[in-house]
Each structure stands twice: as C-alpha cells, then as structure tokens.
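S.K.: sequence first, then the predicted structure, then my questions.
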Amino acid sequence: MVYEPQEDSHLLRQCLPKDLSGKKVVEVGCGSGVISVACAQRGGDVVAVDVDPAAVAATRKAARDARVTVVACEGDLFGPVRDERFDYVICNPPYLPTDPKRPDVALDGGPEGWEFTARFLKEASDHLTDSGKALLLFSSHTKPDKVAALIHENKFSSKLLGKKEVGFFEEVFVVELVQD
C-alpha cells in the first residue's frame with residue numbers, strides 16, 4: 001500500500017526550502033511523491049527512491065500530473081543512488097513498530113519503530129555534499145530520545161524546523177541535519 005499524504009507529509013512539505021533551484025535532492029521513501037513533486041516545483045533536480053514499486057509508479061504519475069521532472073527509482077534506501085551526493089537528502093520514514101498482523105512496508109519502521117531511521121542516518125552522510133543537509137521527520141511514537149541519540153552517534157547536528165500534534169497521543173517533528 002502506498003503511503004498517502006497525511007499531516008506528517010504536510011508538515012514536511014511546509015519545512016522544505018522555498019527555493020531549490022540548482023540543488024540536487026533525493027527523497028528516500030517517496031511514497032505518493034508529494035514531497036518529491038514539491039521539491040521539483042521549487043526548482044530542485046530530484047531523485048525519488050522507494051522499495052515499493054507501487055510508490056515509484058505513484059511518484060512518476062504525480063510528477064507527470066504536476067508537469068515536473070522527478071526521476072523515480074525502485075530500491076532500498078540509497079541503493080539506486082549509491083555513488084551520488086546531494087544538497088538535500090529528505091526522508092519521512094516508516095516509523096511505526098512492526099505489526100505482524102498488518103505488515104505494511106509504508107508504515108513498518110522495524111521492531112521498535114526507529115530501526116529504519118537508524119539505517120537512514122547511518123547512510124545519509126555518505127550521500128550529502130560538504131554543505132548538504134538532511135531533512136528527517138519522526139514521531140513521538142519513534143522514541144525521540146533514541147532518534148536524538150542516533151543523530152548524535154552519526155555525527156549530525158540538528159535543528160528543529162517544525163512540529164505538529166497529530167491526534168491526541170502523537171506529535172511529529174521535522175529536523176534539519178548537518179554533518180558535524
């Protein structure tokens with residue numbers, strides 16, 4: 001199932017730079033393509049990656065419908081762009097703990113919910129230019145203290161760009177990461 005834009009996606013879109021002209025951008029876990037399309041509309045040279053072929057197809061359709069160019073690739077994390085560096089690396093990862101009764105790659109962040117984010121953070125710096133930035137969304141369900149520790153362990157500094165309450169028991173956050 002392709003992850004459809006929710007409040008978290010809208011918050012991430014609000015936190016995107018207004019002008020991405022001349023910037024190389026990769027979105028890891030593109031889902032429906034709403035973030036990749038927004039980046040292309042702001043002038044970015046955009047590559048979108050998702051492990052789900054249906055998400056890749058949805059992103060291609062969204063780009064066509066918006067009349068922008070987005071190169072959408074099927075693969076895990078940075079696999080399709082393994083030798084490339086970007087000015088912006090963007091990720092709204094799956095962040096819910098694994099639910100064996102309802103497996104869904106769009107939602108499954110790993111047994112505790114943060115494992116996908118850990119993998120992303122471990123690889124992100126290898127794909128950033130020297131002045132590159134990563135934008136990462138995470139949820140209060142993802143154990144924010146654990147995410148903060150992972151950010152530090154992977155030698156990033158973070159700045160909170162936005163946060164929003166979604167429902168009664170969840171808050172989502174967007175942070176900008178730069179390499180230390």
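M.R.: Received the coordinates, thanks. Residues are numbered from 1 along each chain as shown.

S.K.: helices and strands around the helix ranked longest in the chain, which ones?
M.R.: Longest helix of the chain, by residue count under DSSP state H: helix 53-66. Other elements packing on helix 53-66 under the criterion 3 or more C-beta pairs under 8 Å, 6 or more residues apart in numbering; DSSP states H and E are helix 34-41, strand 45-50, strand 70-74. Every C-beta, even on glycine, is put in place using the N, C-alpha and C of the backbone.

S.K.: show me the contact partners of that helix.
M.R.: 1-3, 30-34, 36-37, 40-41, 48, 50, 69-70, 72-74, 106 (C-beta atoms under 8 Å, 6 or more residues apart in numbering).

S.K.: and that helix, average pLDDT?
M.R.: In this model, helix 53-66 carries a mean pLDDT of 97.

S.K.: go through that helix and flag the buried ones.
M.R.: 55-56, 58-60, 62-63, 66 (16 or more other C-beta atoms under 10 Å).

S.K.: using CSV, list the CA coordinates for it.
M.R.: Listed next in CSV are the C-alpha coordinates belonging to helix 53-66 (Å, rounded to 0.1, in the frame of the first residue of the first chain):
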residue,chain,number,x,y,z
PRO,A,53,7.2,-0.4,-7.0
ALA,A,54,3.6,0.9,-6.5
ALA,A,55,5.1,4.0,-4.7
VAL,A,56,7.6,4.5,-7.6
ALA,A,57,4.7,4.4,-10.0
ALA,A,58,2.6,6.8,-7.9
THR,A,59,5.5,9.2,-7.7
ARG,A,60,6.0,9.1,-11.5
LYS,A,61,2.3,9.8,-12.0
ALA,A,62,2.3,12.6,-9.5
ALA,A,63,5.3,14.2,-11.3
ARG,A,64,3.6,13.8,-14.7
ASP,A,65,0.3,15.3,-13.4
ALA,A,66,2.3,18.3,-11.9
